[in-house]
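Chemist: Below are the sequence and a predicted model for it; my questions follow.
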Amino acid sequence: MAKQNFWIACLALGALSIYLFVSAPPPLEEKKISDAAIPVERMFEILKAENDVVRAMWTKEVVGAGKQTGLKFDERWRDADVEAGPLPALFLRETAKSLEKNPTPLSLFLGSDYPVNSANRFEGLQLEKFQVVKQTLKPQFFFMPDIQMQVAMFSDVAVVEGCIQCHNKHEQSPKHDWKLNDVMGATTWMYPSGSVSMDELLRTLAALRQGFKDAYESYLEKARKFANPPTIGEHWPAEGYFLPSSEVFMGEIAKRTAPHTLAVLSSLASKPKPGGSAANKEGGALVIAR
């Protein structure tokens, strides 16, 4: 049975990969309103789960392990005289930059009430909702009428000592007493529609994965120019002075995210399409604050 399940998972992963990267659906403008039956909150949760996997992998298996084998990571990693890669928050920023260039109207940023970069400071309604995130650790979903955007906030908790030390020592940080398990910020997603079709959801998911790929390939491009470049191929930093190739890195992401993403997509696809407000009622398990 285990062998059978393995092959079913492989076939499902292959089908999803082909759909996302080869036979993606037509442009969003062609989407029929009647197809927009999935609450955007469900899409935000899928994107958040994928980002969590990549964030953890980058933090522990590239940055953490890489520092032990001679790789460096720095906030000035893009400077010509700095031989380093992006810190976790900056990897997310690189992903967000890729999304900005993608026609899919998804936005992503890491905000806080005490950000190192003042441009990432929450204000107004976002600050109000972030206070709820800090107090409850529950995600917040709401609509911002001034920018006509649906917003999702998910807590960003300090789980790695290195992140705390970096923020506490940073001269531009407005707070220097962070400790483990503090809510340091919130990954914040924005999308203009309150509901999406399955095609739209898959297109947005493909855009996010392309963002991960673009962010990693930017690092590889920089690493190839190091005076002593790491070997790029099949191996990871935990094995020595190595970096996985883009194909190996993205393959690992697909492998780790597939079980959750495919289960949720299968669940959504098997549900009858509700109309109007009924869509939100089916998403009753979500914490929706408007």
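Modeler: Cool, the structure landed.
Chemist: residue ranges for the strands of the stretch 101-250 of the chain, please.
Modeler: If you assign secondary structure with DSSP state E, counting those that start in this stretch, the strands in the stretch 101-250 of the chain sit at 107-111, 140-144, 149-157, 183-191, 195-196, 231-233, 242-244.
Chemist: From residue 88, how far off is the residue nearest the centre of the chain?
Modeler: The residue at the geometric middle of the chain, judged as the C-alpha nearest the mean C-alpha position with C-alpha atoms, centre = their mean, is residue 51 (2.7 Å). For residue 51, the distance to residue 88 (C-beta to C-beta, to the nearest Å) stands at 11 Å. (C-beta placed from N, C-alpha, C; glycine too.)
Chemist: What of residue 53?
Modeler: From residue 53 over to residue 88 (counting by C-beta to C-beta), the distance is 13 Å.
Chemist: Look at those two and report which has more neighbours.
Modeler: For residue 53 and residue 88, the more surrounded residue by other C-beta atoms under 10 Å is residue 88, and the numbers stand at 23 against 17.
Chemist: neighbours around the closest residue to that one other than its chain neighbours, how many?
Modeler: Nearest in space to residue 88, with sequence neighbours left out and distances taken as C-beta to C-beta, 6 or more residues apart in numbering, is residue 59 at 4.7 Å. Using other C-beta under 10 Å, residue 59 has 19 neighbouring residues.
Chemist: Quick check: closest non-adjacent residue to the residue nearest to the centre of the chain.
Modeler: Using C-beta to C-beta, 6+ apart and skipping the chain neighbours, the partner closest in space to residue 51 is residue 187 (6.4 Å).
Chemist: And the pLDDT at the one you found?
Modeler: Turning to residue 187, the model gives it a pLDDT of 97.
Chemist: so who does it touch?
Modeler: 48, 51, 92, 108-110, 153-154, 156 (C-beta atoms under 8 Å, 6 or more residues apart in numbering).
Chemist: Beta-bridge partners for it, please?
Modeler: On the basis of DSSP bridges, residue 187 takes part in beta bridges with residue 110, residue 154.
Chemist: Name the residues of stretch 102-119 that come out as buried.
Modeler: By neighbour count, and taking 16 or more other C-beta atoms under 10 Å as the criterion, the buried residues in stretch 102-119 are 102, 104, 106-116.
Chemist: next one: stretch 147-156
Modeler: Taking 16+ other C-beta under 10 Å as the basis for neighbour counts, the residues of stretch 147-156 that come out buried are 149-156.
Chemist: Let's see that stretch as CSV, backbone CA atoms only.
Modeler: These are the backbone C-alpha positions of stretch 147-156, laid out as CSV (Å, rounded to 0.1, in the frame of the first residue of the first chain):
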residue,chain,number,x,y,z
ILE,A,147,-6.9,50.6,-1.9
GLN,A,148,-9.7,48.1,-2.8
MET,A,149,-7.7,45.1,-1.6
GLN,A,150,-8.5,42.0,0.3
VAL,A,151,-5.7,41.5,2.9
ALA,A,152,-4.5,38.5,4.8
MET,A,153,-2.1,38.7,7.8
PHE,A,154,-0.2,35.7,9.3
SER,A,155,2.0,36.0,12.3
ASP,A,156,5.8,35.9,11.8
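Chemist: roughly how far is it from the heart of the chain?
Modeler: Relative to the mean C-alpha coordinate of its chain, stretch 147-156 is positioned 13 Å out (C-alpha atoms, centre = their mean, to the nearest Å).
Chemist: same deal with stretch 73-86?
Modeler: Centre-to-centre, stretch 73-86 and its host chain are 22 Å apart (C-alpha atoms, centre = their mean).
Chemist: got it, and stretch 223-240?
Modeler: Relative to its chain's centre, stretch 223-240 lies at 24 Å (C-alpha atoms, centre = their mean).
Chemist: Any idea how far apart the tips of that stretch sit?
Modeler: Using C-alpha to C-alpha, to the nearest Å, the span of stretch 223-240 from its first residue to its last is 15 Å.
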